[in-house]
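Q: okay, sequence plus prediction incoming.
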There are 2 protein chains.
Amino acid sequence: MPNGQDEQKSEVLANSALADVPTEFDFIRRLRERALDSQSSQTNQLAVGIGDDAAVVRSSGGKDTIVATDLLVEDIDFRRSTVPPYFLGHKALTVSLSDIAAMGARPRWCLTSIGLPEDVWQTEFLDNFYEGLFELARRYDVHLIGGDTSRTPERIVVDSVLIGECSANAAVRRSGASPGDQIFVTGSLGGSAAGLRLIERGAHLADQNLASNDTQALDQILLRHLKPEARVGWGIILGQESLATSMIDISDGLSSDLNHLCSESGVGSLIESSLLPIDHQLVELCGRRALDPLQLALHGGEDFELLFTVRPNEVPRLPKRVDGVGITRIGEIKPASDSVKISEGTRVWELTPSGWKHF
Amino acid sequence: MPNGQDEQKSEVLANSALADVPTEFDFIRRLRERALDSQSSQTNQLAVGIGDDAAVVRSSGGKDTIVATDLLVEDIDFRRSTVPPYFLGHKALTVSLSDIAAMGARPRWCLTSIGLPEDVWQTEFLDNFYEGLFELARRYDVHLIGGDTSRTPERIVVDSVLIGECSANAAVRRSGASPGDQIFVTGSLGGSAAGLRLIERGAHLADQNLASNDTQALDQILLRHLKPEARVGWGIILGQESLATSMIDISDGLSSDLNHLCSESGVGSLIESSLLPIDHQLVELCGRRALDPLQLALHGGEDFELLFTVRPNEVPRLPKRVDGVGITRIGEIKPASDSVKISEGTRVWELTPSGWKHF
């Protein structure tokens, strides 16, 4: 979950002498080993534990239960000054909807833990936050069933918990990709990162009464950051129809998330930069503002598009659009020895994960 | 979740001109109505939503799924200087185990979302935190299956998510008490609040090599705060054997939690102060330190004992002890018109909720 300032800091750290401090991904790997060591009689019911977009528990009755949690921290994942509470409520649910979608599951129930400073409690913050959350929840028939409310000394913190379900064994993991599988993404890339950068330079949503075509285009980019949409319908169909061999949502950034997927699957990949779905409005806006749309598409986070792989013979079965959103083939899975690469014309280079990391 | 300073502040607020600012309980009531308004086709699968210790979702296969979340915020719910990471890991799981126990369910799976400042990340904090959590999880055969790790600007925040299960329709709600039911608590009361106050006055755990009988008694009180135990075994038995008509865990304080239970059940109650289980070691320690053990037992939070009601004809079926922990009858459920009262000899007064609240 990037905001510009912290992303920079993270990049500096990654390249400095501190680079040998374990990253959060090292930590998650160790934690996963430890959780598995701590064997229990229940492990046979655990289908997917730590290290995927969500956990999967085998339920009785032919269903699996999928659980995702996402922590949003003020001044790390969002700024109160630029993200109004309605949008924050929408986003808190979106991040978890996206995790459930990335497992190929249907979202069902949510719980929201929220910590607030005293002065925020005395405002309409929570009313507006839950308005954003409920509006989105209704759209996908998700029910708020619980959570916790706490006071914090200064900053807002939200933990969004989402429970979904899918048929037994139907959850789509990060680890199922094989060489030859075709790599797809839903929607378009880079919009959220562009929106964030524009907001940090002072851009804001236009007054709808005065909006021209130009400001409408700008608004659409800003909304990609302020009000991102999870690809819930795509997730359900890809899972239900067993179309995807592996899947992850693009929350950290394509370069990072493709590396996560390939590392879990024990494969390499080659994507082609000219195939990346970058909105033409984004290209235009970037051109006038010295932003590089390709960099945003590769490394910008929070697009909440789905990145998934499909066996070549299954490609014809893919629907063209779901809920008005299309998909684009961007490359192919390769053997592990090929590592994770990107080509631009005749040049090919290593696609180093350069998206968001917290540590 | 009290710590001394914030509890005081909360009491001041409750008695000041700000008392008409809605409390968190008002908020939860409104949120519950709103969540119910937002009807969906799933409501028939929702057994218990917002407003109990945990949510209950009807699963297929004769089982219900129980979900609890608990947010712990540094400097509100704990202080880094007095609660070592090992104890914090233990406590983060205890608070949720206690919620699941209060539903009469068996804990199964946990997810932990944790936010940390950068300087804490670079220490052994997480190793020690998870050591405390895993040790407790193993004891109850609970499996860590996921969570989220995030950076925070300054303070540690933990959201503990616990998933349990029980037979369909067997979850014990806060709302099932009827006049005539006998009121019980597990274990003893006031120890955690006393431990907190002693820690705030500078007390700390003794070096085990030097420990005398006297310091061992002090340690036991301090550990009631530092390493509280949820009544997991009692919760499972009371639920499984359909022994309790209603149940809640004592996290805010007996006075508050008994009021929550009575309000949800639409009943009154009368408890007898001489019956309250107050540890004799606690009475001795308090005597020498100008603390009132009855006040601590009535209003101190985080004892994590279970408060439950039993029909008179079922009382003989209650086990004497579970996992070495006994129970005590402290009073009786009365009609709503009697309100929530406490007697001390011949005097009877209103038991006003004076336990912990965040807002």
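A: Yes, it's here.

Q: flag the shaky bits of the stretch 101-250 of chain A, pLDDT-wise.
A: Scanning the stretch 101-250 of chain A for pLDDT under 70 picks out A:207-211.

Q: try 90
A: Within the stretch 101-250 of chain A, the segments meeting pLDDT under 90 span A:122, A:200-218.

Q: again, but for the stretch 251-359 of chain A
A: In the stretch 251-359 of chain A (pLDDT under 90), the answer is A:279-282, A:284-291, A:301, A:354-359.

Q: how about the strands in the stretch 1-150 of chain A?
A: Taking DSSP state E, counting those that start in this stretch as the criterion, the stretch 1-150 of chain A contains strands spanning A:46-48, A:55-58, A:63-73, A:106-116, A:143-151.

Q: mean neighbour count and distance to A:Arg173 for the ones you listed - can I get that in a markdown table?
A: Heads up, the C-betas are built off the backbone N, CA and C, glycines and all. A markdown table is the format used below for the strands of the stretch 1-150 of chain A (neighbours: other Cβ atoms under 10 Å in any protein chain shown; distance: least, Cβ to Cβ, whole Å):
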| stretch | mean neighbour count | distance to A:Arg173 |
| --- | --- | --- |
| strand A:46-48 | 20 | 6 |
| strand A:55-58 | 24 | 8 |
| strand A:63-73 | 25 | 11 |
| strand A:106-116 | 26 | 17 |
| strand A:143-151 | 24 | 26 |
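
Q: wait, A:Phe230 touches A:Glu305, no?
A: Careful, residue A:230 is Ala; it's not Phe. No - counting by Cβ atoms under 8 Å, A:Glu305 is not a contact partner of A:Ala230; they are 9.3 Å apart.

Q: higher neighbour count, those two?
A: Applying other Cβ atoms under 10 Å in any protein chain shown to A:Ala230 and A:Glu305 shows that A:Glu305 carries more neighbours, namely 31 against 27.

Q: still on that earlier bit, identify the contacts common to A:Ala230 and A:Glu305.
A: When contacts are counted by Cβ atoms under 8 Å, 6 or more residues apart in numbering or on different chains, A:Ala230 and A:Glu305 have A:Asp249 as shared neighbours.

Q: phi, psi for A:Ile248 please.
A: Here is the backbone geometry of A:Ile248 (degrees, to the nearest 10): phi -150, psi 150.

Q: ok, it - contacts?
A: Per Cβ under 8 Å, 6+ apart, neighbours of A:Ile248: A:Asp53, A:Ala102, A:Arg174, A:Asp257, A:His260, A:Leu261, A:Leu306, A:Leu307, A:Phe308.

Q: buried subset of these as a ChimeraX selection?
A: To isolate the buried members of those in ChimeraX, using 16 or more other Cβ atoms under 10 Å in any protein chain shown:
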select /A:53,102,174,257,260,261,306,307,308
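
Q: out of the contacts of A:Ile248, which touch chain B?
A: Counting by Cβ under 8 Å from any Cβ of the partner chain, nothing from the contacts of A:Ile248 sits close to chain B.

Q: and for the residue in the stretch 201-350 of chain A that chain B sits nearest to, the neighbour number?
A: Nearest to chain B, among the residues of the stretch 201-350 of chain A, is A:Ser251, at 10.7 Å (Cβ to the nearest Cβ). Using other Cβ under 10 Å, A:Ser251 is surrounded by 25 other residues.

Q: wait, a helix at it?
A: No - read with DSSP: H, G, I helix; E, B strand; the rest coil, A:Ser251 is coil and lies in no helix.

Q: ok, it touching A:His260?
A: No - using Cβ under 8 Å, A:Ser251 is not in contact with A:His260, being 10.0 Å away.

Q: and the stretch 151-300 of chain A, which residues reach chain B?
A: Going by Cβ under 8 Å from any Cβ, the residues of the stretch 151-300 of chain A near chain B are A:Arg151, A:Thr152, A:Pro153, A:Glu154, A:Arg155, A:Val157, A:Asp159, A:Val161, A:Ile163.

Q: returning to what we had before: now the contacts of A:Ile248 as CSV including secondary structure?
A: Converted to CSV, these look like this (three-state DSSP):
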residue, secondary structure
A:Asp53, coil
A:Ala102, helix
A:Arg174, coil
A:Asp257, helix
A:His260, helix
A:Leu261, helix
A:Leu306, strand
A:Leu307, strand
A:Phe308, strand
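
Q: residues touching A:Gly187, list them.
A: Counting by Cβ under 8 Å, 6+ apart, A:Gly187 has contacts A:Arg231, A:Pro277, A:Asp303, A:Glu305, A:Val325, A:Gly326, A:Ile327.

Q: buried subset of those?
A: Applying 16+ other Cβ under 10 Å to the contacts of A:Gly187 flags A:Arg231, A:Pro277, A:Asp303, A:Glu305, A:Ile327 as buried.

Q: tell me the one of these nearest A:Gly115?
A: A:Asp303 (27.1 Å; Cβ to Cβ).

Q: make sure the closest one is indeed in a strand.
A: No - read with three-state DSSP, A:Asp303 is coil and lies in no strand.

Q: contact partners for the residue lying closest to A:Ser337 once chain neighbours are set aside?
A: Distance criterion Cβ to Cβ, 6 or more residues apart in numbering or on different chains; nearest residue to A:Ser337, sequence neighbours excluded, is A:Gly268 at 6.6 Å. Neighbouring residues of A:Gly268 by Cβ under 8 Å, 6+ apart: A:Pro179, A:Cys262, A:Ile333, A:Lys334, A:Pro335, A:Ala336, A:Ser337, A:Asp338, A:Ser339, A:Val340, A:Lys341.

Q: show me where the stretch 201-350 of chain A has helices.
A: All helices of the stretch 201-350 of chain A, identified by DSSP state H, counting those that start in this stretch, fall at A:213-226, A:232-240, A:254-265, A:280-287, A:293-299.

Q: could you dump those to TSV with distance to A:Leu133?
A: TSV is the format used below for the helices of the stretch 201-350 of chain A (distance: least, Cβ to Cβ, whole Å):
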stretch	distance to A:Leu133
helix A:213-226	15
helix A:232-240	15
helix A:254-265	25
helix A:280-287	27
helix A:293-299	28
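
Q: what's the closest of those to B:Gly235?
A: Short answer: helix A:232-240, nearest of the helices of the stretch 201-350 of chain A by Cβ to Cβ, at 34.8 Å.

Q: what does that closest one contact?
A: Residues contacting helix A:232-240 (Cβ under 8 Å, 6+ apart): A:97, A:100-107, A:140, A:166-167, A:170-172, A:186, A:243-244, A:247, A:306, A:308, A:319, A:322-323, A:325, A:327.

Q: take the contacts of A:Gly187 and keep only those in strands.
A: A:Val325, A:Gly326, A:Ile327 (DSSP state E).

Q: adding distance to A:Gly202, write these out as a markdown table.
A: Shown next, in a markdown table, are the ones in strands among the contacts of A:Gly187 (distance: Cβ to Cβ, whole Å):
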| residue | distance to A:Gly202 |
| --- | --- |
| A:Val325 | 30 |
| A:Gly326 | 32 |
| A:Ile327 | 34 |
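
Q: near chain B too, which of the residues you listed?
A: Within the ones in strands among the contacts of A:Gly187, nothing lies near chain B by Cβ under 8 Å from any Cβ.

Q: quick check on the contacts of helix A:232-240: which are buried?
A: Neighbour-count burial (16+ other Cβ under 10 Å) applied to the contacts of helix A:232-240 gives A:97, A:100-107, A:140, A:166, A:170-172, A:186, A:243-244, A:247, A:306, A:308, A:322, A:327.

Q: before we move on, the earlier item: return the closest of the contacts of A:Gly187 with respect to A:Gly345.
A: A:Pro277 (18.3 Å).

Q: pull out the buried positions in stretch A:338-346.
A: Taking 16+ other Cβ under 10 Å as the criterion, stretch A:338-346 shows A:Asp338, A:Val340, A:Ile342, A:Ser343 as buried.

Q: same deal with stretch A:25-38?
A: Buried, per 16+ other Cβ under 10 Å, within stretch A:25-38: A:Phe25, A:Phe27, A:Ile28, A:Leu31, A:Arg32, A:Ala35, A:Ser38.

Q: so which of those belong to helices?
A: Mapping these onto helices (DSSP state H) picks out A:Phe25, A:Phe27, A:Ile28, A:Leu31, A:Arg32, A:Ala35.
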